[in-house]
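Colleague: Curious how this folds, go ahead:
(one chain, ligands or ions: 1)
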Amino acid sequence: MRYVIFSDVHANLEALERVLAHAARAQPDAYVCLGDVVGYGPNPNECVARVRDLGAGTVAGNHDRAAVGAVDLGRFSPVARAAIEWTQGALDPAARAWLAALPLRRDVGGCLAVHGSPRDPIEEYLLDLPGALANFAAEPFACCFVGHTHVPGAFALEPDGRVGATELPPGSAVRLRPEVRYLINVGSVGQPRDGDPRASYLVFDDRAATVTLRRVPYALEKTQAKIAAVALPPLLAERLAIGR
Ligand code: ZN
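Modeller: This next block holds a predicted model:
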């Protein structure tokens, strides 16, 4: 099976449509969404409908939970909080119900799929080797796909216990070695934060045991104009252009 795995759409419809059009060329057998469909961006209902109608196997992210009132907003920055409050007011009942019903974990071709991390699917940011090691120790997954940080890349645990960071060069298939365990971050569709403003997604071929990161430019000026036209913080428009 060939899976297209994407995350952190953040209500950015232009980026989502561009990613889905690009990803269709890989003729995927299934789509997987690692959460944060909403929050920050101007099109929460449209993005929920698109992901839902695509039939993407989706897990909940922290913004999805917050947008339906399921988590305390105290842990969010002032800008994130303002965006959540705007999103809460913008969501239609069908989108809210769909978001509220999302599970925290899924199986993807024998791999685990979560938003944040295996031990804390909603909140934990997997940023460094100690965090990766703690999650490898927490449960025996061979491979786990995550989002949440908006920075693509992977951590690999070798059979001798060493853990290292692995780059995922866009467009290059990376082979997953059977004796190695992986935590793989697919990056963000709607708000990349690795300094590259292009939308990010990943193709996972479970038979070939490869992952290929893809980056695609999209009409971010259009998203910026929409953010400016509603009561969302201007910073959310500015950061799209620099990928931070
Ligand atoms: Zn996010």
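
Colleague: Can you name the residues of this protein sitting close to the ion?
Modeller: Residues of the chain that fall close to the ion, judged by CB under 5 Å from the ion: 8, 36. (Each C-beta comes from the backbone N, C-alpha and C, glycine too.)

Colleague: Try it again at 8 Å.
Modeller: Residues of the chain found near the ion (CB under 8 Å from the ion) are 7-8, 10, 35-36, 39-40, 61-63, 115, 147-148, 150, 188, 191.

Colleague: Among those, name the ones in strands.
Modeller: Judged by DSSP state E, the residues of the chain next to the ion include no members of strands.

Colleague: and which of those residues is nearest to residue 26?
Modeller: The closest of the residues of the chain next to the ion to residue 26 turns out to be residue 7 (CB to CB; 16.8 Å).

Colleague: Next, the contact list for that closest one, please.
Modeller: The contact partners of residue 7, by CB atoms under 8 Å, 6 or more residues apart in numbering, come to 33-36, 61, 115, 146-148, 186-189.

Colleague: Need those in a markdown table (columns: neighbour count and pLDDT).
Modeller: Converted to a markdown table, the contacts of residue 7 look like this (neighbours: other CB atoms under 10 Å; pLDDT from 0 to 100):
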| residue | neighbour count | pLDDT |
| --- | --- | --- |
| 33 | 31 | 98 |
| 34 | 32 | 98 |
| 35 | 28 | 98 |
| 36 | 30 | 98 |
| 61 | 31 | 98 |
| 115 | 30 | 98 |
| 146 | 28 | 98 |
| 147 | 30 | 98 |
| 148 | 27 | 98 |
| 186 | 30 | 98 |
| 187 | 28 | 98 |
| 188 | 29 | 98 |
| 189 | 32 | 98 |
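
Colleague: Residue most distant from the centroid, this protein?
Modeller: residue 160 (30.1 Å; CA atoms, centre = their mean).

Colleague: What about that residue? Give its phi and psi, please.
Modeller: Dihedral pair for residue 160: phi -80, psi 10, per degrees, to the nearest 10.

Colleague: Next one: it from the ion, what distance?
Modeller: 34 Å (CB to the ion, to the nearest Å).

Colleague: can you give me the helices in the chain?
Modeller: Counting by DSSP state H, the chain has helices at residues 13-24, 44-54, 62-67, 78-90, 93-100, 129-138, 220-229, 235-242.

Colleague: Between the residues of the chain next to the ion, which sits nearest residue 128?
Modeller: Ranked by distance to residue 128 (CB to CB), those are led by residue 148 at 13.8 Å.

Colleague: Please verify my assumption that the closest one contacts residue 61.
Modeller: Yes. If you go by CB atoms under 8 Å, residue 148 and residue 61 touch, sitting 6.7 Å apart.

Colleague: Need the overlap of contacts for these two.
Modeller: Common neighbours of residue 148 and residue 61, using CB under 8 Å, 6+ apart, are 7, 8, 34, 35, 36, 115, 116.

Colleague: Just the pLDDT at residue 211, thanks.
Modeller: Model confidence at residue 211, given as pLDDT, is 98.
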